[in-house]
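Peer 1: Below is the sequence, then the predicted model.
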Amino acid sequence: MIEYPITPDVSRTHLPFSPATKVGNLLFVSGQASTDAEGNVISDSFENEFRRTMDNIVRILTAAGTDLSRVCQVKGYIKDAADFPRYNDLYREYFKPPYPARTTISNCLGKVLVEIDCIAVIEP
């Protein structure tokens, strides 16, 4: 069974995808970016966009009954490769060793500076 664990405080999207889907004890979080509650992009500095993106991810994880410590894979997308060192610094603030598996791609975004998706485990 596929579930969609979304609460009113999770950012909405105008695009055709769900913020997250739950299958068994796995939560698949769609790419999140620097958006407000209505899904509007908030352009800002790289750091502020990263933090807003992570805030959106944390809200989704919380709505599903899990948290960042249960994330097992992260995929990051960075508009400018020059931001990669800052991405790593900020990433270390949110994820602690042993780090989740991770893929990061740069020079790939249009309107936003960073986008992140992840997979997390939900304990029964």
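Peer 2: Yep, it's here. Since the structure is predicted, the reported quantities are computational estimates derived from the model, not experimental observations.
Peer 1: contacts, neighbours, all on C-alpha from now
Peer 2: Fine.
Peer 1: Same question for residue 83, what's its three-state structure.
Peer 2: helix (DSSP: H, G, I helix; E, B strand; the rest coil).
Peer 1: Count the neighbours of it for me.
Peer 2: 15 (other Cα atoms under 10 Å).
Peer 1: confidence score at it?
Peer 2: Each residue has a pLDDT score; the one for residue 83 is 98.
Peer 1: nearest residue to it other than its sequence neighbours?
Peer 2: Among residues not flanking residue 83 along the chain, residue 46 sits closest, at 7.4 Å (Cα to Cα, 6 or more residues apart in numbering).
Peer 1: Let me see the backbone angles for that neighbour.
Peer 2: Backbone torsions of residue 46, given as degrees, to the nearest 10, read phi -60, psi -50.
Peer 1: so it makes contact with residue 114?
Peer 2: Yes - Residue 46 is within contact range of residue 114, at 7.3 Å (criterion: Cα atoms under 8 Å).
Peer 1: those strands in the protein, which residues are they?
Peer 2: For the chain, the strands defined by DSSP state E occupy 2-3, 20-23, 26-32, 71-78, 101-106, 114-121.
Peer 1: Show the contacting residues for residue 34.
Peer 2: 41-43, 49-53, 56, 112, 114-115 (Cα atoms under 8 Å, 6 or more residues apart in numbering).
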